[in-house]
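Colleague: Provided below for reference: sequence and predicted model.
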Amino acid sequence: MTFEDLTPIGTSVGTLLKARGQSVAVVDGATGGLISAALLAMPGASAYYRGGGVIYTIKGRRLVLGHEPGSLRGLTSATGDYALAQARLIRAQYESDWGVAETGAAGPGVHPLGVASGTSAAAVVGPGFEAAMVVETGHDDRLANMIAFTRNALDLLLSGLSGV
């Protein structure tokens, strides 16, 4: 799978958001901005995409999410609870209808917090919808993991928008 394979999902999401007059904000982690890129690949994305950021450090997380220091203490990277907390925060920070977050370890090697390569949690929060999903690819291929993690987040967002 390549980035080009993700853009039809991003287009489907964008089409639904545009038709509803709704917006989305994204916090990418191990996806390195690919969730946002897939959503921005559709012409006219400014009608639904509010913004977001790529978070790789605690300081970056505070700047992008605007949360109080210590408010995420006790949550662990690459877990559904942590991804949900980030999705809620990015949604509130950008005053969007939907918030999407991904946190994981693309590899190779072990994440500084001990998360195995190929592990990612994505979460989506929107009107009447909150869900998180963890995926484990079982390999160290960084680029393949980034694509798989992005696919997971986009599929979860599409599910929420589709009422699945």
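Modeller: That came through, no problem. Numbers count the residues shown, from 1 in each chain.
Colleague: Output the lowest mean pLDDT helix or strand found in the protein.
Modeller: Among the helical and strand segments of the chain, the one scoring lowest on mean pLDDT, DSSP states H and E is helix 58-65, with a mean of 80.
Colleague: Give me the buried stretch members for stretch 109-122, please.
Modeller: 111, 115-122 (16 or more other CB atoms under 10 Å). In this view, the C-beta of every residue, glycine as well, is placed from N, C-alpha and C.
Colleague: with those residues in mind, which one is nearest to Arg20?
Modeller: Ala122 (21.1 Å; CB to CB).
Colleague: Need the per-residue pLDDT for that closest one.
Modeller: According to the prediction, Ala122 has pLDDT 98.
Colleague: so which helix or strand takes in it?
Modeller: Using DSSP states H and E, Ala122 maps to strand 119-126.
Colleague: Excluding chain neighbours, give the residue nearest to Ala132 in space.
Modeller: Gly80 (3.3 Å; CB to CB, 6 or more residues apart in numbering).
Colleague: could you measure the one you found against Val110, distance?
Modeller: As judged by CB to CB, to the nearest Å, Gly80 and Val110 stand 20 Å apart.
Colleague: partners of the residue positioned nearest the centre of the chain in the sheet?
Modeller: With distances taken as CA atoms, centre = their mean, Ala101 lies nearest the centre of the chain, 3.1 Å away. Applying DSSP bridges to Ala101 gives these bridge partners: Val27, Ala123.
Colleague: biggest helix in this protein, by residue count?
Modeller: Scanning the chain for the helix with the most residues, using DSSP state H, yields helix 142-162.
Colleague: who are the neighbours of that one, in terms of helices and strands?
Modeller: On a contact count with 3 or more CB pairs under 8 Å, 6 or more residues apart in numbering; DSSP states H and E, helix 142-162 meets helix 3-20, helix 34-40, strand 98-105, strand 119-126, strand 129-136.
Colleague: for Gly109, what are its contacts?
Modeller: Each residue near Gly109 by CB atoms under 8 Å, 6 or more residues apart in numbering is listed here: 117, 140.
Colleague: Pretty sure it sits in a helix.
Modeller: No. If the criterion is DSSP: H, G, I helix; E, B strand; the rest coil, then Gly109 is coil and not within a helix.
Colleague: Now do it against Thr137, distance only.
Modeller: Per CB to CB, Gly109 is found 14 Å from Thr137.
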